[in-house]
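Student: Structure for the following, please:
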Amino acid sequence: MIPALDLLLSTKPLYYKHIDYVRIIDAFETIKPHVKIPKVIHIVGTNGKGSTGRMISHLLYKSGFSVGHYSSPHILKFNERFWLNGHDCNDQLLNDAHERLYNILTKEQSNELSYFEYTTLLALFVFEKCDYIVLEAGMGGEHDATNVVPKVLSVIMPIDYDHQAFLGNDISSIASTKLRSIDKRAVIAPQIHHEVLHVANKIALQKDAKLYFITRETSSHIKSIKDVALENLWGDFLIDNAITACEVLDVLGLVCDVQNLHTWIMMGRYSTYASNIHIDVGHNLLAAKAIDKLLLQPIVLIYNTLEDKPYRQILELLKPKIKKLLIIRIDSPRALKIEFLENTLRELEIPYDFFDGTINDEDEYLVFGSFAVVEAFLKSKEVK
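Tutor: Residues are numbered from 1 along each chain as shown. Alright, predicted model coming up:
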């Protein structure tokens, strides 16, 4: 008997202290003869994977291709992870794909695969009839579940410090782990660490891969993208992401119509929830630096964090822009203990309270800190 998809996934922990690098390879070899895999664009990096992946998918879809975008995590509903031709996949499509996948894998494989590993394989069945799949890596690159699939192009987003327990404690180590996922072609988005470029060139030589380095100065689309950004109130980071997305189509030999980006949207990427409320799923220092540039006046920060994030550095950076901080409680086994957050806020002399759902019309709000923070905010029934 096949367990329901939500029931099967509920038995799998979302987070692991140790990663098994073999089981996903074995599982992929099992399903490979039974699924037709479209052209895969693989996105790796620390920040911007979701928004850039959706831009690429949106541009391809608007150009007439059938496109699936696999991203993670979701904010409100599991279906958000599987975007197909402009919409989140429906339950029927997901359940049909689950039945096929479960029947092909052994029971032992189905039970042992992690939540992310199982959903990655599920995406291959969900998007089987597409022309392109845009696969977003979880936290790594070389050993990420998404890297078992051959790809036509890799996209390397900005690489910064994150998940050091798994990826290494310096930029070169982190970059090496992520960049070893490339096959024969890779688009390298604008980077903040010069070491990333050195590592990229070294690995490209080893793999005989061709690299396409992106800069604003060399992009043929920059003027049109800046016009779109101005009209849609984008920050600099979305301009860089759009440049990268357009370069992907250029490298693939496809026509890129920048005007199609006017209809691009993705929840939680400094998106407008209300006239005085912005929400962003960013959770690391690189994301905080991007947000800091967008804040033109003091804001009320609705915030919480996971325990492995550099929350003190983030709060120190944003402090000059914080009028008051409201701690929102989040449901995550990785959530920072409230007393640690309170102690840090007192040390930094940032005025704070707890979010009770009240929103004042005269204040500007930013909801920021993680996917769990945005989820908690959106689920709050008290928000007016």
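
Student: Report the contact partners of Ala4.
Tutor: In this structure, Ala4 makes contact with Asn95, judged by CB atoms under 8 Å, 6 or more residues apart in numbering. Where you see a C-beta, it was placed from the backbone N, CA and C, and this is true even at glycine.

Student: Contact partners for Ile75?
Tutor: Met267, Gly268, Val281, Phe371, Val374, Glu375, Leu378.

Student: Could you do Ile188 as well?
Tutor: Residues in contact with Ile188, defined by CB under 8 Å, 6+ apart, are Ile156, Val196, Leu197, Ala200, Leu211, Tyr212, Phe213, Ile214.

Student: Apart from its neighbours in sequence, what residue is nearest the fifth one?
Tutor: I take that to be Leu211. Nearest residue to Leu211 in three dimensions, chain neighbours excluded: Ala204, at 5.0 Å (CB to CB, 6 or more residues apart in numbering).

Student: Please apply the same query to the third one.
Tutor: Distance criterion CB to CB, 6+ apart; nearest residue to Leu197, sequence neighbours excluded, is Gln191 at 6.2 Å.

Student: next one: the first one
Tutor: What sits nearest to Ile156 in space, not counting adjacent residues and going by CB to CB, 6+ apart, is Ile188, at 4.9 Å.

Student: ok, what's across the strand from that neighbour?
Tutor: Ile156, Phe213 (DSSP bridges).

Student: Roughly how far does it sit from Lys151?
Tutor: Distance of Ile188 to Lys151, computed by CB to CB, to the nearest Å: 15 Å.

Student: And for Trp264?
Tutor: 22 Å.

Student: Run through this structure and note the low-pLDDT ranges.
Tutor: By pLDDT under 70, the low-scoring segments of the chain are 15-18, 162-169, 381-384.

Student: Tell me how it divides into domains.
Tutor: 5-263, 271-379 (automatic domain parsing).

Student: For the first one, what is the distance to the chain centroid?
Tutor: The one in question is domain 5-263. For domain 5-263, the separation from the chain centroid amounts to 8 Å (computed by CA atoms, centre = their mean, to the nearest Å).

Student: distance between the ends of that domain?
Tutor: End-to-end span of domain 5-263 (CA to CA, to the nearest Å): 32 Å.

Student: Over to the last one?
Tutor: For domain 271-379, the separation between the terminal residues is 16 Å (CA to CA).

Student: For Asn304, grab phi and psi.
Tutor: Dihedral angles of Asn304 (phi, psi; degrees, to the nearest 10) stand at phi -160, psi 180.

Student: Distance of it relative to Lys324?
Tutor: Per CB to CB, Asn304 is found 15 Å from Lys324.

Student: Equivalent analysis for Glu99, please.
Tutor: 50 Å.

Student: likewise Gly357?
Tutor: Gly357 is 15 Å from Lys324, by CB to CB.

Student: cool, and Ile171?
Tutor: If you go by CB to CB, the gap between Ile171 and Lys324 works out to 34 Å.

Student: likewise Asn260?
Tutor: Taking CB to CB, one finds Asn260 at 40 Å from Lys324.

Student: cool, and Asp20?
Tutor: For Asp20, the distance to Lys324 - CB to CB - is 44 Å.

Student: Could you do Asn232 as well?
Tutor: 29 Å.

Student: Show me where the stretch 251-384 of the chain has its strands.
Tutor: 271-274, 277-280, 299-303, 322-327, 352-354, 365-368 (DSSP state E, counting those that start in this stretch).

Student: contact partners of the last one?
Tutor: The set of residues external to strand 365-368 that reach it, using CB under 8 Å, 6+ apart, is 273, 276-280, 282, 288, 291, 295, 299-303, 328, 359, 373-374, 377.

Student: let's go with 10 Å and repeat that
Tutor: 268, 270, 273-274, 276-283, 287-288, 291, 294-295, 299-305, 314, 318, 321-323, 326, 328, 355, 359, 373-374, 376-378, 380, 383 (CB atoms under 10 Å, 6 or more residues apart in numbering).

Student: So what's the gap between that strand and the chain middle?
Tutor: On CA atoms, centre = their mean, the centre of strand 365-368 falls 18 Å from the chain's centre.

Student: hey, C-alpha coordinates of that strand in CSV?
Tutor: Extracted as CSV, the C-alpha positions of strand 365-368 are listed here (Å, rounded to 0.1, in the frame of the first residue of the first chain):
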residue,chain,number,x,y,z
TYR,A,365,7.4,47.3,8.7
LEU,A,366,9.9,44.7,7.5
VAL,A,367,9.3,41.0,8.2
PHE,A,368,12.7,39.3,7.9
